[in-house]
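Participant: Based on what follows, work out the 3D shape:
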Amino acid sequence: MSIDDLRPRIDWGKYQTLTLDRRDGGVLLVTIAEPDGFPAPTLTRRHTEISHVWRDFADDPELRVAVITGRGDKFWTVEGTDGIEEMLENPGSYANTVNLIREGLANVHGIVNCDKPIVSAINGEAMGSGLAVALLADVSVAATDARLIDGHLLQGIAAGDHSVMIWPLLCGMAKAKYHLLASEDLTGEVAERIGLVSAAVPAGDVLDTALGIAHRMAAGPQHALRWTKRSLNHWLRTATPAFEASLGFEALSFFGPDLVEALKAQIENRSPEFATPLPW
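Facilitator: This is a model prediction of the structure:
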């Protein structure tokens, strides 16, 4: 029996919301589908697929580096009111909350613990789980006019899918607190200036720049590359308790009234009025 006999058989055809393009030199280009017109189940599937693709990428012996980008002028957005009525009917669903935690853990730990490099090409608006992928990538290239939005607090929920782990390391605690606690989104240009992304370039150059970086890494010494990434990511692993606490608080937020108010405000096209009485 050889090591190849023990490798998992990867079904790349199972992905419906991600387009996978194998490039020369062992580079995998992952393109996130646009959410326009997607029904809520498809958006849910996109969330699930992004949390599983990194394991398949890590297990494929022919692949060396991944580049992830969005289609058109969006990286990852959540648009419209699909699924909001359903959430309003049962915002504190225990089963949904458990699934949120499971997939949040899979997405973040999948990127951090994947020894192969991942490059993000942030071609436009990025939020939610997509923002987590964009900023947890080993190298992040953003369009200067891209919008990076961590809107958790605007939805009445704690920021829990990545930011507590990575933002203070990238841009410092003062900037992290400002943008997260004040829900202040920022452009790719500003994100580069404060250190939140690796580079900001004109929108038309984002993907080519990211692919160029990926091909350069794919041509390098693979064991040394992966061991260096693994060593660097111990900084992120030290923040795992903070990340998992934040994910738990985000999950708890789904059982409170602030999320309901935020969802109603979105349907009614108004600003939410949070007035939760504090028991402590």
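Participant: quick check: mean pLDDT across the helix or strand that Arg102 is a member of?
Facilitator: In the assignment (DSSP states H and E), Arg102 maps to helix 94-112. Summarised as a single mean, pLDDT over helix 94-112 is 91.
Participant: State the number of residues packed around Thr19.
Facilitator: 13 (other CB atoms under 10 Å). Heads up, the C-betas are built off the backbone N, CA and C, glycines and all.
Participant: Check the secondary structure at it for me.
Facilitator: Under DSSP: H, G, I helix; E, B strand; the rest coil, Thr19 falls in the strand class.
Participant: Contacts for the helix holding Arg102 next, please.
Facilitator: Helix 94-112 has contacts (CB atoms under 8 Å, 6 or more residues apart in numbering) with 47-48, 50-55, 90, 118, 129, 132-133, 136-137, 160-162, 165, 233, 236-237, 243-244, 247-248, 250-251, 254-255.
Participant: Just the ones of the residues you listed in helices?
Facilitator: Using DSSP state H, the subset of these located in helices is 47-48, 50-55, 129, 132-133, 136, 165, 236-237, 243-244, 247-248, 250-251.
Participant: From the contacts of helix 94-112, list the buried ones, please.
Facilitator: Among these, those buried by neighbour count (16 or more other CB atoms under 10 Å) are 47-48, 50-55, 118, 129, 132-133, 136-137, 160-162, 165, 233, 236, 243-244, 247, 250-251, 254.
Participant: ok, and what's touching stretch 207-221?
Facilitator: By CB under 8 Å, 6+ apart, stretch 207-221 touches 23-27, 29, 64-67, 69, 117, 119-121, 123, 139, 141, 199, 201, 225.
Participant: So what's the model's average confidence on that stretch?
Facilitator: 98.
Participant: Ok, stretch 26-40 next?
Facilitator: On average, stretch 26-40 scores 77.
Participant: Show me where this protein has its helices.
Facilitator: Under the criterion DSSP H, the chain contains helices at 3-6, 40-59, 84-89, 94-112, 128-136, 163-171, 173-181, 188-194, 206-218, 222-232, 234-237, 240-253, 257-267.
Participant: and those helices, which is most packed in?
Facilitator: helix 128-136 (a mean of 25; mean count of other CB atoms under 10 Å).
Participant: relative to helix 163-171, how tilted is that helix?
Facilitator: 30 degrees (axes from the mean of the first three to the mean of the last three CA atoms, to 10 degrees).
Participant: what's the distance between helix 128-136 and the middle of its chain?
Facilitator: A distance of 2 Å separates the centroid of the chain from that of helix 128-136, by CA atoms, centre = their mean, to the nearest Å.
Participant: ok, residues contacting that helix?
Facilitator: Contact with helix 128-136 is made by 32, 47, 50-51, 68, 70, 75-78, 103-104, 107-108, 111-112, 118, 120, 122, 126, 140, 142, 148-151, 161-163, 165-167, 170, 196-197, 236, as judged by CB under 8 Å, 6+ apart.
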